[in-house]
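Asks: Pasting the sequence and the predicted model now:
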Amino acid sequence: MNDVAALAGVSHQTVSRVLNDHPSVRPATRERVLEAIATLGYRPNLAARALVTRRTGTLGVITPASALFGPTSTLVAFEQAARDAGFYVSVATLREFSGAEVVAAVEHFLAQGVDGVVVVAPRSGTVDAVGGVRLPVPVVLVSSGREGVGLPTVAVDQVAGGRLATEHLLATGRRTVVHVAGPQEWYDARDRLRGWREALEAAGAAVPDERRGGWSAADGFAVGQDLLREGLPDAVFAANDQLALGLLAAFAQAGARVPDDVAVVGFDDEPGTAFYTPPLTTVRQGFDELGRRAVQAVADALAGGAPGHQSIAPELVVRASSGAWQGR
């Protein structure tokens, strides 16, 4: 910094103000300092800064070792939001969220001197494991499973998403809406199932047995074949877009028309759903907002804020797969 100051003809304090984007520096002076920084190839010494501030500007993220759309999109959104806020991100992916794995990941982060830890916790065991570990830095959960944990949490309102999808299908005149649920150890799957059931009960509609499986298109295809053998319902709400894709393939193979014979709604709004055959009506999760809220929750915790829950409203995206119902 002294070299930068000498080349720019300013004080050490002025260089510091420019680096911290302080508004009191005149534009011409700021430009001169920035030119000196570029000429010298100067980079702040983060280790030295950490010794002074006792902050490294680094956040740790613990996430499942999964290629599924939801956890992956959450991680990407958080990393981008953290970078925009001036944080670096260190990531630990866990195959199993056991207490020992969580402790090992936390010890890894603490050795790096992270300022806080964010845990993407989609499954029930994840929250239990995290809740049993006490850390010297703030911890934020990105999870719907927040009961009794006592930590700040951020999540998309999955129950509301399930209601949106089901209410939309009922509004088009469908009377029987079957739900293809995801694995019930996932909080999102449980909550979408709950939203579907609440919407049917509120409308006084029949509540058929849900169909349960995994998250894959193959699972959706198998359920679609079962429904074809048993007799198609008016509509199917799938717990994610991959399940919906499998349903559409099964129905197309059998010559069942969507949405004329059966309507289909998915969840997530994965890239490409607008190009399914037909284009898929789905529920969009605001991952960018989720990332921003999680970063803000960490910042609030670092400032001494009390734990709380932030809920993000999902959005229904209507396309051709749930088109107007002509009835049977």
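Replies: Right, received. Where do you want to start? Please read these numbers as outputs of a predicted model, since none were measured by experiment.

Asks: And the strands in this structure?
Replies: 58-64, 88-94, 116-120, 139-142, 153-156, 177-181, 211-212, 235-238, 263-265, 282-284, 309-312, 315-317 (DSSP state E).

Asks: Can you tell me which of these is most buried?
Replies: Ranked by mean neighbour count under mean count of other C-beta atoms under 10 Å, those are led by strand 235-238, which reaches a mean of 31. All C-beta spots, glycine's among them, are computed from the backbone N, C-alpha and C.

Asks: Output the strands of the chain as JSON lines; include the columns distance to residue 23.
Replies: Output for the strands of the chain, formatted as JSON lines (distance: least, C-beta to C-beta, whole Å):
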{"stretch": "strand 58-64", "distance to residue 23": "26"}
{"stretch": "strand 88-94", "distance to residue 23": "25"}
{"stretch": "strand 116-120", "distance to residue 23": "27"}
{"stretch": "strand 139-142", "distance to residue 23": "30"}
{"stretch": "strand 153-156", "distance to residue 23": "31"}
{"stretch": "strand 177-181", "distance to residue 23": "53"}
{"stretch": "strand 211-212", "distance to residue 23": "57"}
{"stretch": "strand 235-238", "distance to residue 23": "51"}
{"stretch": "strand 263-265", "distance to residue 23": "49"}
{"stretch": "strand 282-284", "distance to residue 23": "38"}
{"stretch": "strand 309-312", "distance to residue 23": "30"}
{"stretch": "strand 315-317", "distance to residue 23": "37"}
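
Asks: Point out the one among those strands that comes closest to residue 80.
Replies: Comparing those by their distance to residue 80 (C-beta to C-beta), the top pick is strand 88-94, with 9.3 Å.

Asks: What lies in contact with the closest one?
Replies: Strand 88-94 has contacts (C-beta atoms under 8 Å, 6 or more residues apart in numbering) with 56-65, 75, 78-79, 82-83, 101-102, 105, 108-109, 112, 114.

Asks: what are the pairing partners of it, and which direction each?
Replies: strand 58-64 (parallel) (DSSP bridges).

Asks: how far does the strand it pairs with sit from the chain's center?
Replies: 13 Å (C-alpha atoms, centre = their mean, to the nearest Å).

Asks: Also stretch 74-94?
Replies: On C-alpha atoms, centre = their mean, the centre of stretch 74-94 falls 12 Å from that of its chain.

Asks: who touches stretch 103-119?
Replies: Contacts of stretch 103-119 (C-beta under 8 Å, 6+ apart): 50, 55-63, 78, 87, 90, 92, 94, 102, 126, 130, 133, 135-143, 294, 298, 301-302.

Asks: mind redoing it with 7 Å?
Replies: Contacts to stretch 103-119, defined as C-beta atoms under 7 Å, 6 or more residues apart in numbering, come from residues 50, 55-62, 78, 90, 92, 94, 130, 133, 135, 137-142, 294, 298, 301-302.

Asks: What segments of this protein are helices?
Replies: In the chain, the helices defined using DSSP state H lie at 2-8, 12-19, 27-40, 46-53, 69-84, 99-112, 124-131, 158-171, 187-203, 217-230, 241-254, 287-302.
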